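1. generate a structure from the sequence data that follows.
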Amino acid sequence: MNRILPTLHRAGAPGVTLVLGGTRSGKSAYAEDLLAKSLLAEASAPVYVATAQPIDNSMQARIELHRRRRGEHWQTMEAAVELAPALALARNPGSAVLIDSLTVWLGNLMHHQKDIASATDGLVNHLACVQGRLVIVASEVGLGIIPANAAARRFADLAGTLNQRIAARAHTVILVTAGLPMALKGSL
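-> A predicted model of the protein is given here:
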């Protein structure tokens, strides 16, 4: 079995921050604010990588809420399945990229029956190449009950494992609960 926990306390990639939280915890707003504040002295616009797709009215409303909150100074890139172009941007020094959300992206991979192992390995391996700022938002799905069906259990297992792998490589890991950030690795 792959032992992830002993690697969680290593320094990690300096430009990579993982922001975790539950549904409506404030994780996205925190991540957006974190990245925007880091760019105040720079002229470059941050890039928001949106993984959500407007599949129903509820998701469309969430997407619109995020767009309004970000404002117009963000560049938006839609990447429901393919994160490679967004990750290529993060290789540039001075870049600022926010991926929201890794958990939605994972669900998209499952829905479109993509090679999840290959896609997640590519993402994790890319973190070593980041030279700008990369903030990744993900849901912490492991705090609730064990899902009743096999597909939901598989999703929770994949999301938990992916979060652990990203956290092991990230320099900073923040957990947001009720809008309040707590540093799990690194500092606020």
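
2. strands along the protein, start to end?
-> Secondary structure of the chain, counting by DSSP state E: strands at 13-21, 47-50, 75-78, 96-100, 133-139, 170-177, 180-185.

3. burial measure for L34, as a count.
-> Number of residues near L34 (other C-beta atoms under 10 Å) recorded here: 18. Where you see a C-beta, it was placed from the backbone N, CA and C, and this is true even at glycine.

4. most remote residue from the protein's center?
-> Largest separation from the mean C-alpha position in the chain: A148, at 25.8 Å (C-alpha atoms, centre = their mean).

5. that older thread, compile the strands of the chain into CSV and extend it with columns for distance to M59, mean neighbour count and mean pLDDT.
-> Below are the strands of the chain laid out as CSV (distance: least, C-beta to C-beta, whole Å; neighbours: other C-beta atoms under 10 Å; pLDDT from 0 to 100):
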stretch, distance to M59, mean neighbour count, mean pLDDT
strand 13-21, 18, 23, 89
strand 47-50, 11, 23, 90
strand 75-78, 13, 14, 87
strand 96-100, 13, 25, 92
strand 133-139, 14, 25, 95
strand 170-177, 21, 21, 96
strand 180-185, 25, 14, 97
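
6. now the ones you listed in JSON lines, with distance to L65?
-> Listed next are the strands of the chain as JSON lines, based on distance: least, C-beta to C-beta, whole Å:
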{"stretch": "strand 13-21", "distance to L65": "16"}
{"stretch": "strand 47-50", "distance to L65": "12"}
{"stretch": "strand 75-78", "distance to L65": "14"}
{"stretch": "strand 96-100", "distance to L65": "12"}
{"stretch": "strand 133-139", "distance to L65": "14"}
{"stretch": "strand 170-177", "distance to L65": "16"}
{"stretch": "strand 180-185", "distance to L65": "20"}
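
7. which of those sits closest to L158?
-> The closest of those to L158 is strand 133-139. By C-beta to C-beta, the value is 11.5 Å.

8. the closest one pairs with which strands?
-> Applying DSSP bridges, strand 133-139 is found paired with strand 13-21 (parallel), strand 96-100 (parallel).

9. export those as TSV, with columns for distance to A88.
-> As requested, these are exported to TSV (distance: least, C-beta to C-beta, whole Å):
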stretch	distance to A88
strand 13-21	14
strand 96-100	10
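
10. so which of the ones you listed gets nearest I174?
-> With C-beta to C-beta, the closest approach to I174 among the strands paired with strand 133-139 belongs to strand 13-21: 4.9 Å.

11. from L18, how far off is R67?
-> Counting by C-beta to C-beta, to the nearest Å, the gap from R67 to L18 is 23 Å.

12. got it, and L184?
-> Computed as C-beta to C-beta, the L184 to L18 distance reads 9 Å.
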